[in-house]
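>>> sequence plus the predicted model coming up.
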Amino acid sequence: MFRAEVQLINETGLHARPASLFVAAAKKYQSDIAILKDGEEYDAKSILSVLSMGAYKGESLIISAVGTDEKEAVLELKALIVDNFGEREGSL
Amino acid sequence: MKGIGVSTGIATGKVFLYDPKRAVAQKRTITDAESEIARLKAARAEAKRQIKILHIGALETIGKQEALIFEAHIALVDDPALFKEATKNITTQNVNAEWALNEAIDKFIQMFEAMDNKYIAERAADLRDIKSRMLDILMGVKAQDLSNLNEQSIIVALDLFPSDMAKMNKDKVLGFVTEFGAKLSHVAIIARSLEIPAVVGLNGAMANINHGDLIILDGDTGEVFLNPDKSTIDKYEKKKHEYFYFKNELKVFKGKPSITKDGIRVHILANIGTPKDVDSCIENDAEGIGLFRTEFLFMDRQDIPSEDEQFDAYKEVVSRMQGKPVVIRTLDVGGDKDIPYLGLSKEDNPFLGYRAIRYCIDKEDIFKAQLRAILRASAYGHVKIMFPMIATLTELRMAKAILNEVRIDLKLENIAFDEKMKTGIMVEIPACAIAADLFAKEADFFSIGTNDLIQYTLAVDRGNPKVAALYSNYNPSVLRLVKYVIDCAHKNGIPVGMCGEAASDPVLIPALVAMGLEDFSMNPSSVLRTRSIVSNTAKVDLADKVESILSMATAEEVEEYLTAQIS
């Protein structure tokens, strides 16, 4: 298992386009990937699961993966959030 | 009956009442969970297949932007959490696939609706859509759709969604009538681009119109006649023929310049909302685009279009216009144009509130992304930029300062753009019109937006039937402002056009020509008619009458006088 903690910095949180981008990125990996927030576990490959999480700006998430590509998966998903989903600072 | 005419033309035909009734899940106890799960998987595959076909059809019938919704639907049908929840229901509660799926989807719908987030609430609507599709498949219900129209029909419905219109067989559709909807709703926009007559917002349509009834609809006036008598049918058949005849007559004006009888050259341009509208600009030989309403790129989606997405759209329009001018108006949001994800709060007076340039100057990131996209597109043709709702010189100066910052950024990044791109303003707020002499020194061109100028000058909401009669293209106060704006532009040597509905008003056009208006921008379908009117007008006819027209006391007097001149 590989896991990392990350804080949401974009205005929208994990909704709308950022949520779609996140799920699309997760789906590229073989590993099972979960997001942990407030003690609950959500499926990173499910848009419904990610949206139902209701994650907003400023909140902390743990991304956790189990599988052959667990490290790459967690690092890419973390980078996506840290880089503000490819948008320049605050442009969303 | 009378609704809102949103797509021009007359249609006479039999009603196809479109009232899709969907399957409702029934709970059954089962013993073989494996086979229910297999049914669920099969339904999922079939739903994906159906949506993929819809998506392909939609790309052709209703356009790339509208078709995006179906990609989202596929992701939902395929969602692992949804499948997990539904299979869990089957195995733990021993229920049938229909019920298990129904409960699983409803759980997410309830969860989403409880969240205070407009984007997520919209996903609930998408979930309802895929739920009925999958239940229809599981229960073998053949949902009514518009793909198998047997005869040419007028579609009457409560509302029509992109998914309904993506499926329909266009050749069999004579017209549309819907109970809901407004000028800018999906059905209106799609009907106009397909050139099929349409009336929306017709109260009581579903209650009063039956399948198979004969109706006549007038897409200009919004009138709908239910089971009309012989004389009404004859009258409208004649009107329909005149319309087609007129349309054919106008074809001779294609490829001709817009010149008055006494040799004054004007330009007749088109108003558009999306790149798709360029088709009808070319078809109707518009001499350019006088108004590109960019807010359409922001509507009917869940997030802000990125700079690159905007650039693609602007570039497509600019390239296809092949060097003809394209006036791109920056985002005019607010007022009656709500874009949920921008998070504008409800206001008591939205038309006097936080909208258009006021919003853009405040949200510099959104504004700058749009300005970058427009500037980048300017490298591909003849682009002019226009700011909406300018009330004060300070606003114009601020908007220009931000534009300059973006220019400098692009230069530093070595990105190409047209360094001579003109920067103009909409003159649509009385404060701007009254001080047009000052604005003419700092703007490169004017475009008079009559719809808002009339609304603000007369303090009248034309959507409110109790006061709509005050709203008039011929109101002397409005015409005086128009004349003053034109004069100020001329004195300062800048071009002046008009992009409101008054610019295509056949009665008013000769007076506008006499006042010295140069550019007329309008719905693409009005371009050739306006060119024919201009070609039959001489500026000298009314040139010395302008003063006396502006001295008339009432809109009725002006209208009567101008009507007499053309008949």
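Yep, that arrived.

>>> show me what counts as buried in the lowest-mean-pLDDT helix or strand in chain A.
Sorting the helices and strands of chain A by mean pLDDT, DSSP states H and E puts helix A:16-27 at the bottom, at a mean of 88. Buried positions in helix A:16-27, judged by neighbour count with 16 or more other Cβ atoms under 10 Å in any protein chain shown: A:16-20, A:22-23, A:25-26. All C-beta atoms are positioned from the backbone trio N, CA, C, and that covers glycine.

>>> what does stretch B:89-105 give?
Per 16+ other Cβ under 10 Å, stretch B:89-105 contains these buried residues: B:89-90, B:95-105.

>>> skipping its backbone neighbours, what lies nearest the residue of chain B found nearest chain A in space?
Here chain B gets closest to chain A at one residue, B:A81, 3.5 Å apart by Cβ to the nearest Cβ. Closest residue to B:A81 apart from its sequence neighbours, by Cβ to Cβ, 6 or more residues apart in numbering or on different chains: A:S46 at 3.5 Å.

>>> just B:V200 next, same as before
B:G181 (3.3 Å).

>>> phi, psi for that neighbour please.
phi 110, psi 160 (degrees, to the nearest 10).

>>> then A:D43?
Dihedral angles (degrees, to the nearest 10) for A:D43: phi -80, psi 120.

>>> so it versus B:T92, what's the distance?
Distance of A:D43 to B:T92, computed by Cβ to Cβ, to the nearest Å: 19 Å.

>>> model confidence for the residue of chain A at minimum distance from chain B, exactly?
Closest contact between chain A and chain B, by Cβ to the nearest Cβ, is at A:S46 (3.5 Å). At A:S46, the model reports a pLDDT of 95.

>>> what residues are up against it?
The contact partners of A:S46, taken as Cβ atoms under 8 Å, 6 or more residues apart in numbering or on different chains, are A:23, B:79-82.

>>> rerun at 6 Å
A:S46 makes contacts with B:79-81, as judged by Cβ atoms under 6 Å, 6 or more residues apart in numbering or on different chains.

>>> ok, back up a step: give me the subset of the buried residues of helix A:16-27 touching chain B.
The residues of those that also fall near chain B, by Cβ under 6 Å from any Cβ of the partner chain, are A:16-17.

>>> which pair of the buried residues of helix A:16-27 spans the longest distance?
A:A16 and A:A26 (16.5 Å; Cβ to Cβ).

>>> helices or strands up against the longest helix seen in chain B?
Longest helix of chain B, by residue count under DSSP state H: helix B:33-61. Counting contacts by 3 or more Cβ pairs under 6 Å, 6 or more residues apart in numbering or on different chains; DSSP states H and E, helix B:33-61 packs against helix B:64-77, helix B:80-93, helix B:97-114, helix B:118-138, helix B:162-167.

>>> ok, and for it, which residues are buried?
B:33, B:36-37, B:39-40, B:43-44, B:46-47, B:50-51, B:54-55, B:57-58, B:61.

>>> and what of stretch B:501-515?
B:501-505, B:507-515.

>>> what lies in contact with it?
B:450, B:473, B:483, B:486, B:520-522, B:526, B:530, B:533, B:537, B:539, B:542-543, B:546, B:562-563.

>>> can you give me the end-to-end span of that stretch?
17 Å (Cα to Cα, to the nearest Å).

>>> up against chain B, what does chain A have?
A:15-17, A:43, A:45-49, A:51-52, A:54, A:90-91.

>>> pull out the buried residues from these.
Counted by 16+ other Cβ under 10 Å, the residues of chain A next to chain B give A:15-17, A:43, A:45-49, A:51-52, A:54, A:91 as buried.

>>> and these, which two are furthest apart?
A:D43 and A:S91 (28.8 Å).

>>> Provide the secondary structure category for residue 14.
The chain I'm using is chain A. Judged by DSSP: H, G, I helix; E, B strand; the rest coil, the three-state class of A:L14 is coil.

>>> look at chain B instead
strand.
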